[in-house]
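1. Build me a model:
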Amino acid sequence: MSKHTADLKWVFPVLLSTSIAVFIIFIPPENQIVITLLILLVSLLCYFLLNYFLQKKITLIFSIFVFLALLLLSLKLLDLINSILLLSLFVGIVTLLK
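-> The predicted structure follows:
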């Protein structure tokens, strides 16, 4: 991999984090659609950042876990039982994929 393509790999996560910052500063979270869009952007940022360090299957699973956990938190549905169920679901998926 050349130095130019290694530099270009970081362009999209930097642009995504900048758009998340602009989104947080200028757009108030008035309804659930705006909140869900922000959660989706954070999950995408998590996917692209972890994509450089881990395998693609694990990064996809982890970013889906982050998306679902943040979505349940925004809906005020993440109590102890739901968090244990969500964590056990993703532990089961990870063990099945290995």
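
2. can I assume Phe67 is in contact with Leu41?
-> No: the pair Phe67 / Leu41 is not scored as a contact, 10.2 Å apart, by C-beta atoms under 8 Å. Just so you know, the C-beta spots here come from the backbone N, C-alpha and C atoms, and that holds for glycine as well.

3. Show the low-confidence segments of this structure, by residue range.
-> Within the chain, the ranges that satisfy pLDDT under 70 run 1-7.

4. Wait, Thr36 touches Ser74, no?
-> Yes: with contacts counted by C-beta under 8 Å, Thr36 reaches Ser74, the gap being 7.4 Å.

5. Mind listing the shared neighbours of those two?
-> Both Thr36 and Ser74 lack any common contact, where contact means C-beta atoms under 8 Å, 6 or more residues apart in numbering.

6. For Ser88, give its distance to Glu30.
-> Separation of Ser88 from Glu30 (C-beta to C-beta, to the nearest Å) stands at 34 Å.

7. Beyond the host helix or strand of Thr18, next helix or strand please.
-> For Thr18, the enclosing helix or strand under DSSP states H and E is helix 11-26. Tracing the chain C-terminally past helix 11-26 and defining elements by DSSP H and E, one meets helix 32-50 next.
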